[in-house]
Each structure stands twice: as structure tokens, then as C-alpha cells.
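S.K.: here is a sequence together with a model predicted from it:
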Amino acid sequence: MRRGTSRALIVTGTDTGVGKTVVAAGLVQALEGVYWKPVQSGLDDETDSDAARRLSGRPVLPEIYRLSLPASPHLSAEQEGVHISPDALAMPVVDGPLVIEGAGGVLVPLNRECLFIEMFRRWAAPVVLVARTGLGTINHTLLSLEALRARECRVAGVIFSGPANPDNEATIAAMGRVRSLGRVPPLAPLNPDTLAAAFSGIDLAPVREAMSC
Ligand SMILES: Nc1ncnc2c1ncn2[C@@H]1O[C@H](COP(=O)(O)OP(=O)(O)OP(=O)(O)O)[C@@H](O)[C@H]1O
Ligand SMILES: C[C@H](N)[C@H](N)CCCCCC(=O)O
Ligand SMILES: [Mg+2]
């Protein structure tokens, strides 16, 4: 693995459990890219890297930090006597687009000084924000957009996850001055084929354009 800059995309979300891994797997599949989860906290269930590999069939890079406690990365690290160093999270260079998944939402601490969003700025790659469709998402999504813009992170768009809620999706796009790239509905079963079918309705043109800047 070389070090340097890559054609990359950051997938973040308004919270933990909103569907970032599923969306990242769909993106990596559609873009024929490589998935990378640099900081994994929680190893009891299928890890995000395992789920992304299973759902996309695409290459997955190893995590830099693998931490057992399913908690905020700063706390999971402390419990194991580990310090998460931003310098250790330099972006790897791969062939094809690199899709990077954060942990939880944008202001999650990596250590007692550094938030994940500071890595987004350092990586200088465009961001896709994954948002729920249901009640509460307007506030969470507009707050996340404010935080990203305050740190000059380029937002390629929002991908919604969940059942249709046209007014929430339209309100966020208008008041957040952000592109809605589409929505991934609840998929049953959730597998590479159903995910690819859902992504046929996602607008990837702004993502491709943002990645080539
Ligand atoms: N569109 C979907 N259809 C069916 N199940 C989904 C969908 N999106 C997410 N899920 C399920 O919801 C759960 C949470 O999704 P996911 O793991 O993608 O969230 P996350 O934002 O990546 O969470 P974390 O912060 O832990 O990384 C998982 O069990 C996942 O399989
Ligand atoms: C354990 C979980 N699934 C994620 N790996 C980490 C989520 C961190 C959220 C921190 C917080 O916002 O309180
Ligand atoms: Mg995830």
C-alpha cells in the first residue's frame, strides 16, 4: 500500500446505526472501488469491513485500529491503552476510488483532542452524508451539514436511508442547500443484488464529479 493522495470519498452519517456501512457498500460496488474503515470500535458482531466485503464483493483494506469495545473510538482505545493518532490514519493510495467510512457521526472523538471530522478535513475528500428519513432527521442532518461546512468539508450530497418521507427529504435538501442523491429503502433481504438494484436509483453523477476535483 503506497501513501499519498487517492481519488476518495468519505461516507459519514448523522449518527451511529443510520446505514453508513450499507450505503458505503453500495457506493463501493457502484463505483468499483475499494472500501476502508480506518477505525473499528466493536468486534463482537460482523465488523463493518466484513459487512462491506459481503455486500459489495469489492476489495477491503485492513483497519488501522481494531478496538473491542463497541463505544466511541476514544473510549474504546483508552480501554485498551491505545492512543488513536491522526498521523497513523494517512489516506492509503489504491487503484480505483477509495470509499472511507467514519465511525458514528461527524463529531465523534478519536482521542481527547481530535474529532473524526478533523480527519475529513485532512483527507480533503468529498463527503457523502447518510441520513435517516424519519422524525428527528431534519435537525440531525442540518447540524451535521453545518459542522462539515464550518470545517470546509465538501459535501457531495445526502443519501437517505429508510422508508420514504418526501417532505423530510425535500426540506433537508432545500434548507440544507444540499443535493439529495436518493434513498436506500429498507431491503429484505439485504444482499449484493438488492443493494445494487437500490443503487440504480441513486444519483452518482455529483459523487463522481466531486471525486474528480
Ligand atoms: N437499507 C437497509 N435495509 C436493510 N437493513 C439495513 C439497511 N440499512 C442498514 N440496515 C441495517 O441496519 C443496521 C445498521 O446499519 P449500518 O451498520 O449500515 O449502520 P452504520 O451507520 O454503518 O453504523 P456504525 O455507526 O456502527 O458504523 C445493520 O444491521 C444494517 O444491516
Ligand atoms: C459502536 C458503534 N457501532 C460505532 N462503531 C461507534 C459509534 C460512536 C458514537 C459516539 C457518540 O456519538 O456518542
Ligand atoms: Mg458502519
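M.R.: Alright, I've got the coordinates. Ligands and ions are numbered 1, 2, ... in the order given.

S.K.: what distance do you get for the residue located most distally from the centre of the chain to residue 106?
M.R.: In the chain, the residue that sits farthest from the middle, by Cα atoms, centre = their mean, is residue 81; the gap is 26.4 Å. In this view, residue 81 and residue 106 are 27 Å apart by Cβ to Cβ, to the nearest Å. C-betas here are computed from N, CA, C, even on glycine.

S.K.: check the offset of the longest helix belonging to the chain from the chain's centre.
M.R.: What stands out as the longest helix in the chain, according to DSSP state H, is helix 137-150. From the chain centre to the centre of helix 137-150 is a distance of 15 Å (Cα atoms, centre = their mean, to the nearest Å).

S.K.: all further residue positions should be reported with the first residue as 21.
M.R.: Renumbered: residue one is now 21, and that last one reads helix 157-170.

S.K.: might you report the residue contacts of the nearest residue to residue 232 once chain neighbours are set aside?
M.R.: Nearest residue to residue 232, sequence neighbours excluded (Cβ to Cβ, 6 or more residues apart in numbering): residue 27, at 7.2 Å. Listed by Cβ atoms under 8 Å, 6 or more residues apart in numbering, the contact set of residue 27 reads 116-118, 231-232.

S.K.: burial measure for whichever residue of the chain sits closest to ligand 3, as a count.
M.R.: Nearest to ligand 3, among the residues of the chain, is residue 41, at 3.4 Å (Cβ to the ion). Neighbourhood size, residue 41 [other Cβ atoms under 10 Å]: 24.

S.K.: cool, the one 4 residues further on as well?
M.R.: Applying other Cβ under 10 Å, we find 30 other residues in the vicinity of residue 45.

S.K.: what does the protein have sitting close to ligand 3?
M.R.: Taking Cβ under 5 Å from the ion as the measure of proximity, the chain contacts ligand 3 at 40-41, 68.

S.K.: and the helix or strand where residue 180 lies, which strands flank it?
M.R.: Per DSSP states H and E: residue 180 is located in strand 175-181. Strand pairing for strand 175-181, determined by DSSP bridges: strand 147-152 (parallel), strand 200-204 (parallel).

S.K.: most packed of these?
M.R.: Comparing the strands paired with strand 175-181 by mean neighbour count (mean count of other Cβ atoms under 10 Å), strand 147-152 comes out on top with a mean of 26.

S.K.: residue 72 sits in which helix or strand?
M.R.: Residue 72 belongs to helix 68-76 when assigned by DSSP H and E.
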